[in-house]
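Peer 1: Got a sequence here, can you model it:
(one chain, ligands or ions: 2)
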Amino acid sequence: MWRKQVEEAARHLHTDSTHDWEHVLRVLKTAKKITREEEGDAEVVEAACLLHDCGYAEDWEQHEKTSAKKTREILKQTSFPEEKISLVVSCIESHRFSVKGTDDSLEAKVLRDADKLDAIGAVGIARCFLWTGEHKTTFQIAVRHFHEKLLKVKDSMQTKAGKKIAGERHEFMKKFLEELKKEVGE
Ligand SMILES: [Fe+2]
Ligand SMILES: [Fe+2]
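Peer 2: Ligands and ions are numbered 1, 2, ... in the order given. So this is what the prediction gives:
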């Protein structure tokens with residue numbers, strides 16, 4: 001089965017702590033939940049989720065391009081349906097959080113939403129502070145990141161199911177920030 005082949009080829013590439021294989025599996029889980037309600041090609045979504053960050057550890061700045069290139073090479077070596085490879089590659093090219101996606105297919109929207117959802121809620125809080133620690137930056141930078149970026153994620157969702165999950169995670173983040181302010185604010 002191609003899923004196992006993809007995992008064997010890609011798992012070890014995920015050496016970044018916030019973009020590790022656990023992140024990939026969470027994105028896949030969320031994407032499956034969204035796809036169930038929105039339909040879309042489940043096979044394209046699954047491959048796109050599994051490979052979307054495979055170039056991150058090598059070249060984070062342009063990782064959507066590096067991941068897309070690697071994805072084409074990896075999928076060609078597997079039993080994944082050849083006629084769908086370009087669809088997967090296109091989803092990955094436009095998955096980036098900060099680069100506006102150009103692929104408007106449902107599968108690309110599902111990947112974008114599922115990936116962004118991993119940046120908010122309880123898991124988003126954990127990843128934000130993990131990132132801050134890894135990059136040896138300050139606590140204040142992490143808190144600023146919530147206001148500048150993470151609290152805006154909810155309004156950028158492109159699927160109905162994604163919007164619903166984002167709403168719940170957004171409320172949790174707000175509660176966390178209120179509690180934090182109570183504990184450490186003036
Ligand atoms: Fe990414
Ligand atoms: Fe990701």
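Peer 1: Please, which helix or strand holds the residue nearest to the spatial centre of the chain?
Peer 2: What sits nearest the mean C-alpha location of the chain, by Cα atoms, centre = their mean, is D115, with 2.1 Å. Assigned by DSSP states H and E, D115 belongs to helix 106-117.
Peer 1: So which residues make contact with that helix?
Peer 2: Identification of contacts with helix 106-117 by Cβ atoms under 8 Å, 6 or more residues apart in numbering yields 27-28, 30-31, 34-35, 38-41, 44-45, 48-49, 52, 87, 90-92, 94-95, 97, 101, 153, 156-159, 161-162, 165-166, 169. For glycine as for every other residue, the C-beta is placed from the backbone atoms N, C-alpha and C.
Peer 1: From these, which land in helices?
Peer 2: Here DSSP state H is the test, and the contacts of helix 106-117 give 27-28, 30-31, 34-35, 38, 44-45, 48-49, 87, 90-92, 161-162, 165-166, 169 as lying in helices.
Peer 1: May I ask which helix or strand of this structure has the lowest mean pLDDT?
Peer 2: helix 139-148 (a mean of 93; mean pLDDT, DSSP states H and E).
Peer 1: Buried ones in that helix, by neighbour count?
Peer 2: By 16 or more other Cβ atoms under 10 Å, the buried positions in helix 139-148 come out as 142-143, 145-146.
Peer 1: Out of these, flag the one nearest to ligand 2.
Peer 2: The closest of the buried residues of helix 139-148 to ligand 2 turns out to be H145 (Cβ to the ion; 16.2 Å).
Peer 1: For L177, see how far away that closest one is.
Peer 2: 11 Å (Cβ to Cβ, to the nearest Å).
Peer 1: Likewise for R36?
Peer 2: Look at R36 and L177: by Cβ to Cβ, they are 31 Å apart.
Peer 1: tally of neighbours for K175?
Peer 2: Neighbour count for K175, taken as other Cβ atoms under 10 Å: 10.
Peer 1: any residues touching the strand or helix carrying it, and which ones?
Peer 2: Under the criterion of DSSP H and E, K175 resides in helix 160-184. When contacts are defined by Cβ under 8 Å, 6+ apart, helix 160-184 is touched by residues 30, 33-34, 36-38, 109-110, 113-114, 116-117, 120-122, 124-125, 143, 146, 150-151, 153-154, 157.
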